[in-house]
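Participant: Here is the input, now give the coordinates:
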Amino acid sequence: MVARRLSPLVRARASNTPVLLLEGPRGVGKSTLLAGLAADSAAVVIDLDREDYLQLARSSPSTVVGEDPPVLIDEYQKAPALLDAIKARLNRETRAGMFVLAGSASYDALPRGTQALTGRLQRLPVMPFTQTEIDATRNELIARAFDGDVQHSARPATTSRDEYVERVMRGGMPLALTQPTEADRSRWFDAHVRQSIDRDARELRRIGRKSDLRDVLIRTAGQTAGVLNVAKVASDVSPSWDTTAAYIELLESLFLVQRLPAWGPTVLPRSIESPKIHVVDSGVGAHLLRLSAAKMRRLDPSALTEFGHLLESFVVQDAIRQATWMDDPVTAGHWRTKDNVEVDLVLERFDGAVVAIEVKAGDHVKRSQLSPLVALRERLGASFAAGIAFYLGATGYEADDRIHVLPVERLWT
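Facilitator: Below is the predicted model of the structure:
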């Protein structure tokens, strides 16, 4: 069983805020975290995937939220009226540790009239496992990088290209990790996507044809690690631009894809503000793009290009998730200028310290490929804590002042 690094953080946050909201993809382990809290407090998890609990929540939300704290509610978004009932109870009494909610749809996707707790709850993303969680290595690379502590070893990396391919295509969804074969995993991914589109999406929003939503998902996944181009997606499918944009927002709400906002447009001149798009889980992304280990072994050119994009999403998501374990708040974005100078991921700690990350799918890094990190370092000065270029090679080294080249496996070894 994989030990989730968020577990102690969930317990700590639940004890110091009136309402804690755990949100992330379906099947990612939110229910397991709630079960752990229930075991600690002898509380009952009110799971709205159960029809009896769902009917009770819809017909008498005040009864559900009137239980002795902590009140633990899973898939709360199925009965949004619960939020108004929680607000009413908080108006009568407010103390830490009263409610923990979990949902597989974003809080922002609920109708505005039901967002009764805006500003009165703390949100905590629960995403697919990182590679260090899967390997149980307790890696702290991202946290150390903020303090300029990026260490190097004379011991070469041991992960082969085929092993990197396997990790990217496997992803980090808990139930996908338990599948014994690639074919079994593919069937699991297919069921996961189908449930998200056929059921979860329709619970949030009225949809014309579900085939259109799936097409938008596939085309959007095809842009992973690129600047989001809604017009290009719309041109490839039937819906209008407006419908396509709404569908992409819906897919974000279901945690299938995720925008990475532009970083620093108001601080650094000539920056652009367009977001990049990433699949939330590289395994789901590989399934949607119909990639297989066999295609990778045949060195199919189109598959290799798509693998490079998925590798970037894989690294970016892993690094962001490591940052969520830190005590200090961290924001994430990408940096791109009008001159096409681009850094794949910029992580900024609340005190202004910055860690910048580039991802390369080759087994060596040319010095010219480090120029975006150098450019950002020169613009930021002392606040630039570290720049890291991850690649598939074997050796880690400091290429320049505060700029490092590291094997991708250093995220978990």
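
Participant: can we go C-alpha only for contacts and neighbour counts from here?
Facilitator: Will do.

Participant: How is the chain partitioned into domains?
Facilitator: Per the record, the chain has its domains at 6-125, 131-411, by automatic domain parsing.

Participant: Using a markdown table, lay out those domains together with mean neighbour count and mean pLDDT.
Facilitator: A markdown table is the format used below for those (neighbours: other C-alpha atoms under 10 Å; pLDDT from 0 to 100):
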| stretch | mean neighbour count | mean pLDDT |
| --- | --- | --- |
| domain 6-125 | 18 | 91 |
| domain 131-411 | 18 | 92 |
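
Participant: Roughly how far does residue 259 sit from residue 358?
Facilitator: Distance of residue 259 to residue 358, computed by C-alpha to C-alpha, to the nearest Å: 17 Å.

Participant: Sorry, wrong one. I was asking about residue 368.
Facilitator: 13 Å.

Participant: One more: residue 104?
Facilitator: Distance of residue 104 to residue 358, computed by C-alpha to C-alpha: 30 Å.

Participant: Could you do residue 341 as well?
Facilitator: Computed with C-alpha to C-alpha, the distance linking residue 341 and residue 358 is 12 Å.

Participant: same deal with residue 381?
Facilitator: Look at residue 381 and residue 358: by C-alpha to C-alpha, they are 18 Å apart.

Participant: And the strands in the stretch 301-413 of the chain?
Facilitator: Assigned by DSSP state E, counting those that start in this stretch, the stretch 301-413 of the chain shows strands spanning 330-336, 342-349, 354-359, 384-391, 397-400, 403-407.

Participant: Could you dump those strands into CSV and include distance to residue 148?
Facilitator: As requested, the strands of the stretch 301-413 of the chain are arranged in CSV below (distance: least, C-alpha to C-alpha, whole Å):
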stretch, distance to residue 148
strand 330-336, 16
strand 342-349, 13
strand 354-359, 9
strand 384-391, 5
strand 397-400, 12
strand 403-407, 10
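
Participant: now for the ones you listed, which one comes closest to residue 202?
Facilitator: Nearest to residue 202, of all the strands of the stretch 301-413 of the chain, is strand 330-336, at 29.9 Å by C-alpha to C-alpha.

Participant: Okay, angle between that closest one and strand 342-349 too, please.
Facilitator: When axes from the mean of the first three to the mean of the last three C-alpha atoms, to 10 degrees is applied, the directions of strand 330-336 and strand 342-349 differ by 160 degrees.

Participant: could you show me where the strands are in the chain, in order?
Facilitator: 19-23, 45-47, 71-74, 99-103, 122-125, 226-227, 257-260, 276-279, 330-336, 342-349, 354-359, 384-391, 397-400, 403-407 (DSSP state E).

Participant: Show me what the last one packs onto, helices and strands only.
Facilitator: Where contact means 3 or more C-alpha pairs under 8 Å, 6 or more residues apart in numbering; DSSP states H and E, strand 403-407 is packed against strand 384-391, strand 397-400.

Participant: Just want the most central residue of this protein.
Facilitator: Residue closest to the average C-alpha location in the chain (C-alpha atoms, centre = their mean): residue 280, at 4.8 Å.

Participant: That one: what's it in contact with?
Facilitator: Residues in contact with residue 280 (C-alpha atoms under 8 Å, 6 or more residues apart in numbering) are 127, 128, 255, 256, 257, 258, 313, 317.

Participant: mind checking how far it is from residue 378?
Facilitator: Going from residue 280 to residue 378 by C-alpha to C-alpha gives 32 Å.

Participant: thinking residue 86 is in contact with residue 65, fair?
Facilitator: Yes: using C-alpha atoms under 8 Å, residue 86 is in contact with residue 65, at 6.1 Å.

Participant: Quick one: the helices in the stretch 151-300 of the chain, in order.
Facilitator: Chain-ordered helices for the stretch 151-300 of the chain, with DSSP state H, counting those that start in this stretch as the definition, fall at 161-170, 174-177, 182-195, 201-204, 210-221, 230-236, 241-253, 282-288, 293-297.

Participant: Span of stretch 204-214 from start to end?
Facilitator: With C-alpha to C-alpha as the measure, stretch 204-214 spans 16 Å from end to end.

Participant: Ok, stretch 397-404 next?
Facilitator: Stretch 397-404 has its terminal residues 6 Å apart, counting by C-alpha to C-alpha.
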